[in-house]
Every structure is written in C-alpha cells, then in structure tokens.
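no sequence on this one, just coordinates:
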Ligand SMILES: CC(=O)N[C@H]1[C@@H](OP(=O)(O)OP(=O)(O)OC[C@H]2O[C@@H](n3ccc(=O)[nH]c3=O)[C@H](O)[C@@H]2O)O[C@H](CO)[C@@H](O)[C@@H]1O
Ligand SMILES: C=C(OP(=O)(O)O)C(=O)O
C-alpha cells in the first residue's frame, strides 16, 4: 500500500483522541508470552503495524494468537511453539525492530532462532552489536547468514555479568527476555529504565520472574527454570500522546488526549509548559492546548529516561518553528534524526543543523561529523508542500507541519505512520482536520 494524504492546512486541531498501549511495549510483551507455559492475555493493544508483524512472527513459530473482536485483547498461547523457515520469517518481519528480541525466548522455547535483517526508522545506523554481545555473554552462538543471523545455544543460556556501553532500551530488553529463564544470576549494568522497560519487567514478574532494579542502572535477574502466564494492561503510548500535544500547539488547537499518563510524561510536560503550551492534567488523560499569545523558545537535549525522550523531539520541533525566538535542540540518542527538517525548510521553517554538540554536555556524536544539533528560529509561517514520509516520527512531524501550514500539502508514503499511530486518519477527522486520503493498493 502506498496511500496519499492531501491536507488543506491552517485549521486548529480541536477535540478528543484516545491513545492505547505503547508501541514500544506491546510487541515486546507479546514476545514475552513465548517464555510462558500457558496462555497470556494482553490488554489495551493498539491496531498498529508493529503488532501485526509480531502476531505473524509468533504464529509462524506455532504460538496461537487470538484477538477478541470486541475488546481487542490478545490471547497468546505458546504451548505448541515450533521452528519456522528462515524465508518465511524474513517475509513476515516487516519494517519493525522487534524480531531481534525473539532471540532469548525462541532459544528457551525451541532451542534456536533465525533473525532477519531489521527494519525500524532510518534515524541513524542502528547497529545490533550490543544485542549480539549480550547473547554471546549468555553462551549463545551467533552465525551471520545472508539476510539475517541464526542463533543457537548448545549448552542452554547461562546467567552472566553484562555492562552495556550505553543504556540501550532494546539491549536491556534483550537481557531481560534472555535472563529470566537462564540458569543462574544475571547482573546488568548500564541498563535503560524507560517506562516501557519497567512495564516489561512488570509483565515478566507476573509470569514468575525474579528481577530487581537498583538505583544505579543495575538490574539483577535470578533465572528460574519455568515461567507461567500473565494478564496485563499495557501502559499507554507516551510518544503518541506527545505527538498529539505537539500537534495541538503547532496548529493553535486544543486536544484532550484520553489515556495520556502524567507519570510517564513528566519531562515532556515541563518542556511543554516552558514553551508556553497549556496543560490540564486529569485522571483519564491530559488536555494540551495553545493558550493564545506567543510561545517561548527553548534549549533542549534529548536523552535516555528520565531525560527528554528522542521520539518526542521531531513533533515538538514543528511547534518550535512557531515560538518567538531561537530554540536549540541537541539530539544525543540518534546520530541522524534531523533529516526530517529538510521538508520543514521547504515549508518555510528556518532551521539550521550543526555537527557540534549545542548542549550542556558533549555527546557521543560531537567528534563524529553527524548533523545532530538544530537551531530553529521562529515564528515562521509554514506553507503547504509535497512530502514523502521518511520515518515514523519524522513523518508525523511532516503531517503536523502540513496541518499547521497555509495551503495544500500532499504526503506520499503515509502508511509508515501506521507502524505507531493507531487509526490516525480517524483521529485527524475527529479533530476537524481538512484532508483526503487516497488508499492505493
Ligand atoms: C521498538 C522500540 O522500543 N523502539 C524504541 C527503542 O529503540 P531501540 O531499542 O532500537 O533503541 P536503543 O535504546 O537500543 O538505541 C539507543 C542508542 O544505542 C545505540 N545502539 C543500540 C543497540 C546496539 O546494539 N548498538 C547501539 O549502538 C543506537 O544506535 C542508539 O544510538 O528505544 C529508542 C530510544 O528510547 C526509541 O527511540 C525507540 O522508539
Ligand atoms: C524510533 C522509533 O521506533 P523504532 O525503534 O520501532 O524504529 C520510534 O518509535 O520513534
């Protein structure tokens, strides 16, 4: 499918949208079900592409995945787990990064894994070296093959002492999913502690895993021979919530995001308020609105949790084009996450990207020639343009810019947005956006 969205911008988005379970948790909780001895139930599952991809991959491996047609809850039964042909796995892997997390659970369930080359957003090189090092520490044998890697563990997985060079979310999850049923104790230093990582730990604890998170980014896991099942309601998607919040500001609108969770978004909410965005925090969601008047520019750097999440950066940059003065954004998580600003410049934004670290702390990318700092001058009037959606958040940012702009924009490649934004065109419609969608097979 290659759908085309034609947006007539300039309409303030106003109304209510609901967010469900987080894209960065739900597929991983689905993978965790493979570690259990009985059927698990996952609630609050969004209808997004990454969930479809993992459903297909699990089914290929013999896991029964059933969706309740009324609630959307998933039941995942791993009792008949089996091997799958590498060509089939490759054909079902889609544009997702989740397949790499099947390694530990598949080794525990069936003794081997084939992992195809990964998809995901093109926002940097995105190597998997930490993952492979982690697996080798557990005693796995990793073979590079055309189109992917094959992994086995002739002597089973054994607990290990591991230190990550950077608090990678995926590598931390790789450790959790491999160590819970490994023999012995695992000590992980330099772990990521994002809310989605903690929610995955909650899922594993429900299954019977013994995991303790220390205050210094160390995680202890005592391996157990068997895990049971879980029933779990996925935490809400804080990244989708932040995207709608940015859309409200950039279009001078007013959006109540039902399901948005204050606890997981505190850093974002502070920044939003400093920028001049209006907030009303309720038990069941958060209202984000433009209170009128001007927005204040700010200096911001992305970081691992509890810092400012990198996935919030791209949508917020569109709102910064409307602030009164110069804002600076230093991206320290991905080396190449400002490519999306090319299209914003074509739409009238004034944004320069720099190789230097324009932040309080020099990051890993400062000496390596990456355009990873942005200087945004505003306010600038945006005008419509033709856009080809490059990646998930960059693409959503382009849509926000088109919605805020004067005139007509035409966006191709919008299906990428479905990786992480559930029913986004229905939500745009509910918010009063003026657009047409041409679905192409
Ligand atoms: C599906 C999912 O949950 N995706 C999220 C996850 O991605 P993901 O888990 O892929 O991101 P990581 O936290 O692993 O990546 C952080 C940094 O570590 C580097 N790195 C990572 C692994 C590795 O083996 N080698 C290596 O060098 C990456 O290139 C990047 O510079 O966390 C990111 C950081 O919060 C988010 O932006 C993504 O939305
Ligand atoms: C980078 C992202 O996702 P992924 O890791 O799935 O590519 C994202 O959600 O912004």
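Yes, it's here. Model, not experiment: these values are computed from the prediction. Residues are numbered from 1 along each chain as shown. Ligands and ions are numbered 1, 2, ... in the order given.

Please enumerate the helices of the chain.
Listed in chain order, the helices found in the chain under DSSP state H are 26-32, 49-60, 86-92, 103-110, 129-137, 169-179, 195-206, 238-250, 266-275, 310-320, 341-346, 392-404, 424-430.

Put together TSV for those helices, with mean neighbour count and distance to residue 411 on each row.
C-beta coordinates here come from the backbone N, C-alpha and C atoms, glycine included. TSV is the format used below for these (neighbours: other CB atoms under 10 Å; distance: least, CB to CB, whole Å):
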stretch	mean neighbour count	distance to residue 411
helix 26-32	27	25
helix 49-60	21	17
helix 86-92	16	27
helix 103-110	24	36
helix 129-137	20	33
helix 169-179	26	28
helix 195-206	21	28
helix 238-250	28	14
helix 266-275	17	25
helix 310-320	27	14
helix 341-346	20	9
helix 392-404	28	6
helix 424-430	18	11
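
Looking at those, which is nearest to residue 147?
Distance to residue 147, taken as CB to CB, is lowest for helix 86-92 among these, at 5.6 Å.

how much space between residue 178 and residue 252?
In this structure, residue 178 and residue 252 are separated by 48 Å, where distance is defined by CB to CB, to the nearest Å.

Whatever residue of the chain ends up closest to ligand 2: neighbour count?
Proximity of the chain to ligand 2 (CB to the nearest ligand atom) peaks at residue 120, 3.1 Å away. Counted with other CB atoms under 10 Å, residues neighbouring residue 120 total 17.

quick one: pLDDT of it?
As summarised for this prediction, residue 120 has a pLDDT of 75.

Output the helices of the chain in a markdown table, with mean pLDDT and distance to ligand 2 appended to each entry.
Supplementary listing: the helices of the chain in a markdown table, determined by pLDDT from 0 to 100; distance: least, CB to the nearest ligand atom, whole Å:
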| stretch | mean pLDDT | distance to ligand 2 |
| --- | --- | --- |
| helix 26-32 | 98 | 9 |
| helix 49-60 | 95 | 7 |
| helix 86-92 | 83 | 16 |
| helix 103-110 | 95 | 17 |
| helix 129-137 | 97 | 13 |
| helix 169-179 | 98 | 8 |
| helix 195-206 | 98 | 10 |
| helix 238-250 | 98 | 6 |
| helix 266-275 | 98 | 14 |
| helix 310-320 | 98 | 4 |
| helix 341-346 | 98 | 16 |
| helix 392-404 | 98 | 4 |
| helix 424-430 | 98 | 14 |
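
Mind checking these for the one nearest to residue 77?
Residue 77 lies closest to helix 49-60 among those, at 9.8 Å (CB to CB).

Touching, residue 247 and residue 257? I think so.
No: using CB atoms under 8 Å as the test, residue 247 is too far from residue 257 to be in contact (9.9 Å).

coming back round to it: residue contacts, the residue of the chain closest to ligand 2?
In this structure, residue 120 makes contact with 95, 96, 97, 126, judged by CB atoms under 8 Å, 6 or more residues apart in numbering.

How about residue 296?
274, 275, 276, 323, 324, 325.

any idea how far it is from ligand 1?
Residue 296 sits 26 Å away from ligand 1, taking CB to the nearest ligand atom, to the nearest Å as the criterion.

so where's the chain uncertain?
1, 441 (pLDDT under 70).

so who does the residue located most distally from the centre of it touch?
Among the C-alpha atoms of the chain, the one farthest from their average position, using CA atoms, centre = their mean, is that of residue 155, at 33.9 Å. When contacts are counted by CB under 8 Å, 6+ apart, residue 155 touches residue 139.

How much space separates residue 298 from residue 262?
Taking CB to CB as the measure, residue 298 falls 20 Å from residue 262.

what about the two, which has more around it?
When neighbours are counted by other CB under 10 Å, residue 298 comes out ahead of the other of residue 298 and residue 262, with 19 against 16.

you'd agree the more buried one is up against residue 273?
No: assessed by CB under 8 Å, residue 298 is found out of contact with residue 273, at 10.5 Å.
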